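1. Attaching a predicted model along with its sequence, questions to come.
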Amino acid sequence: MTTIVPTSEEDPTLFVVRFASELAWADAGPEVAEPQVTRLCMEAQECIVMGKWLDLASLMLTSAELVFSKVSDKELECIFTIICNLVTKLENPEDTLEMAKLISAKITQQPNDKPALRLKILFNLYNMLENSDSRFFVYMQALNFALNGKVTEHVIPSFKKIDSFLKEWNIGVKDQRNLFLTIANVLKENKSSGKDSFKFLTKYLATFLGEDSHAMSEAKEEAVQAVIEFVKAPDTFQCDLLDMPAVGQLEKDAKYALVYQLLKIFLTQRLDAYLEFQAANSTLMKGYGLVHEDCITKMRLMSLVDLASHESGQIPYAFIKDTLRINDDEVELWVVKAITAKLIDCKMDQMNQVVIVSRSTERIFGQSQWQSLRAKLATWRSNVANVISTIKANKVTEDGSQAMQGLMIR
């Protein structure tokens, strides 16, 4: 393997051009190679003098793939740091974006050759950029490269900063869609967190609010994917999919109406409705990879949550048994499962065979839930105000009594 050994105070940019040119012409013999190397170095020198930074970047990248195979990872990173640094020479944002595209295209050309190193170089390029459009472009290139190169684990930590990135980039709706959908695909490919993948998929679908039917049709497949992911997720019991127009379009779709019906069952109905649906659509369920036993488990928990929110705080054991279609001795087991999943807070009165519920999770949190919450907060606010008024009144009375006692003592 070739090793870089600097031998003079030559400009780092010219050094990279000379080094890459010598590698490219190494097999041609000195008589052919030397004039070619000299010519390329002169071209590079002219670009520097004339400020033709885009042309210089193109010249330096010509032999980039050869460099990847001939030098160590550390030296390769050093070479591309010098190349990427050219973006700092440009003042025009359009030229900066053009150079970012040029460099990114060369780095991402071979996703299966040193993918982790190439990804690192892309992020080095990102950090050298100041223009938000260029930064967003390179970040998207990094995400897609991570997918193609099977190195998604290296980009996932950056997702924690997505909110701050969005403020910095100030991108439009279409770019947001592209970003959210790509992140969802990265997380799905990595299989690290189904919840996170689902979260970004719903962010993608939420961007279609207010769009016409033609625009929303673009998201039809993703809407189906979101429904199936929600049904499959063993630890996700609440979502806003029913409030999203991108999902609502499935209701009257000839191909996907049953998928929408399944979502509605999981979010608004109980186990008996699911069992009836499954009996009539078992082939559909299998086609989407849904396991009947897993769906029953989730629907039992969802049904118990529904009971908790509709039975005035007390649920008879018998009612739970009938709704969940379980045996008498399984009732408390399922209540404990619901508590463990943080779906309900409750006490079990074994003497009276009832479950006393103090809190339950809402399966959907739409307009009616917000109104209910607003009413509760208003009630609490009024109660607190009454308590404060009572305390103040008692304090005045107490202060007056103490003053009277003082007069009597004198």
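-> Right, received. Where do you want to start?
2. And the strands in this protein?
-> Per DSSP state E, the chain has strands spanning 314-316, 344-349, 354-360. These are given in chain order.
3. Now mean pLDDT and mean neighbour count too, for the ones you listed, in TSV please.
-> C-beta coordinates here come from the backbone N, C-alpha and C atoms, glycine included. Below are the strands of the chain laid out as TSV (pLDDT from 0 to 100; neighbours: other CB atoms under 10 Å):
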stretch	mean pLDDT	mean neighbour count
strand 314-316	93	17
strand 344-349	95	16
strand 354-360	93	17
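4. Of all those, which one comes closest to residue 382?
-> With CB to CB, the closest approach to residue 382 among the strands of the chain belongs to strand 354-360: 21.0 Å.
5. From the chain's centroid, how far away is the closest one?
-> On the basis of CA atoms, centre = their mean, to the nearest Å, strand 354-360 sits 34 Å off its chain's mean C-alpha point.
6. Stretch 52-59 now?
-> Averaged C-alpha coordinates place stretch 52-59 at 36 Å from its chain's average position (CA atoms, centre = their mean).
7. Show residues contacting that stretch.
-> Stretch 52-59 is contacted from outside by 13, 17, 40, 43-44, 46-48, 83, 86, 89-90, 95, 98-99, 102-103, using CB atoms under 8 Å, 6 or more residues apart in numbering.
8. Give me the average confidence score over it.
-> Across stretch 52-59, pLDDT averages out at 93.
9. Using PDB, list the CA coordinates for that stretch.
-> Coordinates of the C-alpha atoms in stretch 52-59 are reproduced here as PDB (Å, rounded to 0.1, in the frame of the first residue of the first chain):
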ATOM      1  CA  LYS A  52     -11.600  28.300  -9.900                       C
ATOM      2  CA  TRP A  53     -12.400  26.200  -6.800                       C
ATOM      3  CA  LEU A  54     -15.100  24.000  -8.500                       C
ATOM      4  CA  ASP A  55     -12.700  23.100 -11.300                       C
ATOM      5  CA  LEU A  56     -10.000  22.300  -8.700                       C
ATOM      6  CA  ALA A  57     -12.300  20.000  -6.800                       C
ATOM      7  CA  SER A  58     -13.200  18.200 -10.000                       C
ATOM      8  CA  LEU A  59      -9.500  17.800 -10.800                       C
END
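10. Give me the buried stretch members for it, please.
-> Taking 16 or more other CB atoms under 10 Å as the basis for neighbour counts, the residues of stretch 52-59 that come out buried are 53-54, 56-57, 59.
11. Surely residue 265 and residue 272 touch.
-> No. With contact taken as CB atoms under 8 Å, residue 265 and residue 272 are classed as non-touching, separated by 9.8 Å.
12. can I get the strands of the chain in JSON lines with distance to residue 213?
-> Putting the strands of the chain into JSON lines (distance: least, CB to CB, whole Å) gives the following:
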{"stretch": "strand 314-316", "distance to residue 213": "42"}
{"stretch": "strand 344-349", "distance to residue 213": "39"}
{"stretch": "strand 354-360", "distance to residue 213": "36"}
